[in-house]
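Student: next one to model:
(chains A and B)
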Number of protein chains: 2
Amino acid sequence: MKTIAFVLYPGLTPLDLVGPLQVLSNLGFLRPEFETVVVAEHPGVVQSDSTLRIEPDRTFDEVPEPFGIVVPGGLVPTLRALTDETLLGWLRRVSSGADVVGSVCTGALILGAAGLLDGRRATTHWAFLDLLEVFGAVPVSQRWVADGPVFTAAGVSAGIDAALHLAATLAGEDVARQIQFGIEYDPHPPLGPLNWDDAPRQEWAAARARAVAAATDGDSELARRLGV
Amino acid sequence: MKTIAFVLYPGLTPLDLVGPLQVLSNLGFLRPEFETVVVAEHPGVVQSDSTLRIEPDRTFDEVPEPFGIVVPGGLVPTLRALTDETLLGWLRRVSSGADVVGSVCTGALILGAAGLLDGRRATTHWAFLDLLEVFGAVPVSQRWVADGPVFTAAGVSAGIDAALHLAATLAGEDVARQIQFGIEYDPHPPLGPLNWDDAPRQEWAAARARAVAAATDGDSELARRLGV
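Tutor: Next up, the predicted model:
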């Protein structure tokens, strides 16, 4: 069984986890050698950064040899997770034997803090892209980036695209297309695609500064790692 | 407070719920008069149709006057829910006072079973579209359909598009665009948009027949309602 483990931690952004989980769960329906699990440090329900609460399937210790790992992102809680040695330690241990090491949104920063992006091309949420350099990664402004076993997706919803790409890589384009029909992924953003000239860069720079300040408050190690 | 209630029931498809929940939670961050809640018949964790388990915030009785309702879909469990009088009764009671009554994917069938689609234009997952006629609805093959207070989204991922449209309607296009940048919703399906000439119609007709057979087994009332 090829187990793809989705990492659950308090305060994550739910669509970061559920978008690719939906795609790769459907992969498991079509190709039963793949299974998805939700893993967390402890048993018990975890609050996301919205009203949604999720219960993990297994603890980190119960998933010592996953085939794949996907780390979702978020804001302040994700920055705080950059010094969570339990999470980082598990990622370091299991990633060396994993075929797929992935992230969505600012989950890439967690991969970076675990030392898994050193020298690799990677992406993350657009408003955090340059922070990847802190961890020795080469930031790339793309919907998703695959570099060896490591794939990183851009912000939140990009995990769906990245997971479909991963499904095509793991099981072929026909299977990926079946999944795409199954979840009717034929997107039509009602206001059209993003026009990056209109990106609210100032607002997000301020939001990021506030998030970094809140996360590093009382955590000098995190401040050191982020270079602030 | 304008409360948008996401209906949680056993066996639903998680992205149906979490896609629009993500969009409308972000609406709540930007416009705090909106809040999202996850409601279910009972307290306690609910298993989706994949490995994901979700804990509701409130029971149906605790949300007597929501501003909006969103009903996710699924396969056999969603068909079984078409005779769940507790769920249908709550939907009938609260929908008359709600400004927004919505569904994603086959959640439209639940709205239909509650009598909320009679004479209305509506959509659902492409493989179930004609079933809407059983409930007096007029099936429309669109990404989402708004008919008065009722909006219905196509399969699974369409809930994201529909929720962005709803956010634009409730709070204006600028807010919807901010949400779109926040979740970096600039989709690029790796295999391109769906080519409907390639849709696996036979496979899905068979899957639907199996789902209907499984759901109506021992439930003559459901068989009667579905006309099978």
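Student: where do the helices sit along chain A?
Tutor: For chain A, helices defined by DSSP state H occupy the ranges A:14-30, A:76-80, A:85-95, A:107-113, A:158-171, A:173-182, A:201-216, A:220-226.
Student: hmm, A:Gln178 is touching A:Leu30, no?
Tutor: Yes. At 6.0 Å, A:Gln178 counts as touching A:Leu30 under the criterion of Cβ atoms under 8 Å. No exception for glycine: its C-beta is placed from N, CA and C like everyone else's.
Student: these two: which is more packed in?
Tutor: Taking neighbours as other Cβ atoms under 10 Å in any protein chain shown, A:Gln178 and A:Leu30 compare with A:Gln178 leading, 19 against 15.
Student: measure stretch A:152-166 end to end?
Tutor: With Cα to Cα, to the nearest Å applied, stretch A:152-166 spans 11 Å between its terminal residues.
Student: check whether that stretch contacts chain B.
Tutor: Yes. On the criterion Cβ under 8 Å from any Cβ of the partner chain, stretch A:152-166 is in touch with chain B at A:154-158, A:160-161, A:164-165.
Student: top of these by neighbour count?
Tutor: Neighbour counts for the residues of stretch A:152-166 next to chain B (other Cβ under 10 Å) peak at A:Ile160, which has 32 neighbours.
Student: and that one, what is it in contact with?
Tutor: By Cβ atoms under 8 Å, 6 or more residues apart in numbering or on different chains, A:Ile160 lies in contact with A:19-20, A:22-23, A:185, B:157, B:187.
Student: how about 6 Å then?
Tutor: A:Gly19 (Cβ atoms under 6 Å, 6 or more residues apart in numbering or on different chains).
Student: and for A:Arg121?
Tutor: Shown in contact with A:Arg121 (Cβ under 6 Å, 6+ apart): A:138, A:140, A:145, A:147.
Student: up against chain B, what does chain A have?
Tutor: Contact residues, chain A versus chain B (Cβ under 6 Å from any Cβ of the partner chain): A:14-15, A:18, A:22, A:25, A:36-37, A:45, A:50-51, A:53, A:55, A:57, A:143, A:154-158, A:161, A:164-165, A:177, A:181, A:183-191, A:193-194, A:199-200.
Student: sorry, back to before: drop anything exposed from the contacts of A:Arg121.
Tutor: Among the contacts of A:Arg121, those buried by neighbour count (16 or more other Cβ atoms under 10 Å in any protein chain shown) are A:140, A:145, A:147.
Student: contacting residues around the last one?
Tutor: Listed by Cβ under 6 Å, 6+ apart, the contact partners of A:Asp147 are A:120-121.
Student: try the first one
Tutor: Taking Cβ under 6 Å, 6+ apart as the contact definition, A:Val140 lies against A:121, A:123.
Student: and it, what's its pLDDT?
Tutor: On pLDDT, A:Val140 comes in at 98.
Student: for burial, what's the neighbour tally of the closest residue to A:Arg201 other than its chain neighbours?
Tutor: Spatial nearest neighbour of A:Arg201, excluding adjacent residues (Cβ to Cβ, 6 or more residues apart in numbering or on different chains): A:Ala127 at 7.6 Å. Neighbour count for A:Ala127, taken as other Cβ under 10 Å: 22.
Student: roughly how far apart are A:Ala127 and A:Arg210?
Tutor: 12 Å (Cβ to Cβ, to the nearest Å).
Student: and A:Val63, how far is that from A:Met1?
Tutor: 11 Å.
Student: neighbour count winner among those two?
Tutor: Neighbour count, other Cβ under 10 Å: between A:Val63 and A:Met1, A:Val63 has more, with 19 against 8.
Student: contact partners of stretch A:162-182?
Tutor: Stretch A:162-182 is contacted from outside by A:20, A:23-24, A:26-27, A:30-31, A:144, A:151, A:153, B:190-191, B:199-200, using Cβ under 6 Å, 6+ apart.
Student: stretch A:78-90 now?
Tutor: A:9, A:41, A:60, A:106, A:110, A:113-114, A:215, A:221-222.
Student: which of these are buried?
Tutor: Buried subset of the contacts of stretch A:78-90 (neighbour count, 16+ other Cβ under 10 Å): A:9, A:41, A:60, A:106, A:110, A:113-114, A:215, A:222.
Student: show me which of those is closest to chain B.
Tutor: Set against chain B, the nearest of the buried ones among the contacts of stretch A:78-90 by Cβ to the nearest Cβ is A:Thr106 (11.0 Å).
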